[in-house]
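K.L.:
Next comes the sequence, and after it the predicted model I'd like to discuss.
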Amino acid sequence: MPDGPVRLSRRRRFAPVAVDVDGDVAATRFLRRGVGCCWDETHLLAVDNHGAWRTLGGGGSSDDEDPTAEEFERARDDLAPYQVALSGGAGVVRDGDPLLPRGTRWVRGSAVLVGHGVAELHVNGRHLPVPYHGHLIVVWGSRRPPTVTAHDGTGRTVATATVSPTW
């Protein structure tokens with residue numbers, strides 16, 4: 001992950017924003033330069049039967065502005081220092097039939113934006129350091145959404161929130 005702002009150009013069309021891995025499921029978040037717009041995309045992945053990562057799906061949104069510009073980097077300026085804002089979610093069927101929920105396994109992800117006072121998120125034993133822009137992604141493969149705990153630079157718990165998909 002880059003330590004500072006990455007500008008998209010004709011040569012650099014993608015910029016990683018966030019990643020989270022929970023066992024055999026993962027979520028990534030990228031900024032992508034498109035034709036006349038920029039995209040903020042999330043990809044959900046799972047390990048297949050051969051031990052390789054496989055993209056299951058994902059989604060995104062576009063904007064006429066460069067999302068690596070000040071708006072993206074300053075999105076958390078309006079948040080309280082220790083605030084955790086859940087800003088969107090996605091889910092894809094990993095296997096099974098989505099019309100028969102008992103045997104179906106899903107992979108879900110949720111975008112998270114945190115205030116300037118948050119240094120790290122703890123999610124089910126995972127430690128996600130907060131990047132300079134404050135945008136993260138949280139993934140889970142269980143039926144129950146995880147609880148995220150925000151910690152400041154000293155390791156003190158400053159906020160707790162339960163992630164929930166928004167679809």
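P.N.:
Ah, there it is. Numbers count the residues shown, from 1 in each chain.
K.L.:
Distance across stretch 29-38, terminal residue to terminal residue?
P.N.:
13 Å (CA to CA, to the nearest Å).
K.L.:
typed the wrong thing, it's stretch 90-109
P.N.:
Criterion CA to CA; first-to-last residue distance in stretch 90-109 is 5 Å.
K.L.:
again with stretch 122-138
P.N.:
Stretch 122-138 has an end-to-end distance of 10 Å (CA to CA).
K.L.:
next one: stretch 31-40
P.N.:
5 Å.
K.L.:
Please point out which parts of it sit buried.
P.N.:
Neighbour counts using 16 or more other CB atoms under 10 Å place 31-33, 38-40 of stretch 31-40 among the buried residues. All C-beta atoms are positioned from the backbone trio N, CA, C, and that covers glycine.
K.L.:
For L79, which non-adjacent residue is spatially closest?
P.N.:
The spatial neighbour of L79 that comes closest, neighbours along the chain excluded (CB to CB, 6 or more residues apart in numbering), is G115 at 4.0 Å.
K.L.:
what about that neighbour, how many neighbours?
P.N.:
21 (other CB atoms under 10 Å).
K.L.:
Could you do T104 as well?
P.N.:
13.
K.L.:
Other residues contacting the least confident helix or strand in the chain by mean pLDDT?
P.N.:
In the chain, the helix or strand scored least confidently by mean pLDDT, DSSP states H and E is helix 70-73, which has a mean of 70. For helix 70-73, the external contacting residues (CB atoms under 8 Å, 6 or more residues apart in numbering) are 5, 31, 40, 65, 132-133, 135.
K.L.:
Check the residues you listed and tell me the two furthest apart.
P.N.:
E65 and Y132 (18.8 Å; CB to CB).
K.L.:
List the residues that contact the most centrally placed residue in the chain.
P.N.:
Nearest residue to the geometric centre of the chain (CA atoms, centre = their mean): I137, 1.6 Å. Residues near I137 by CB under 8 Å, 6+ apart: 17-20, 27-29, 42, 109-112.
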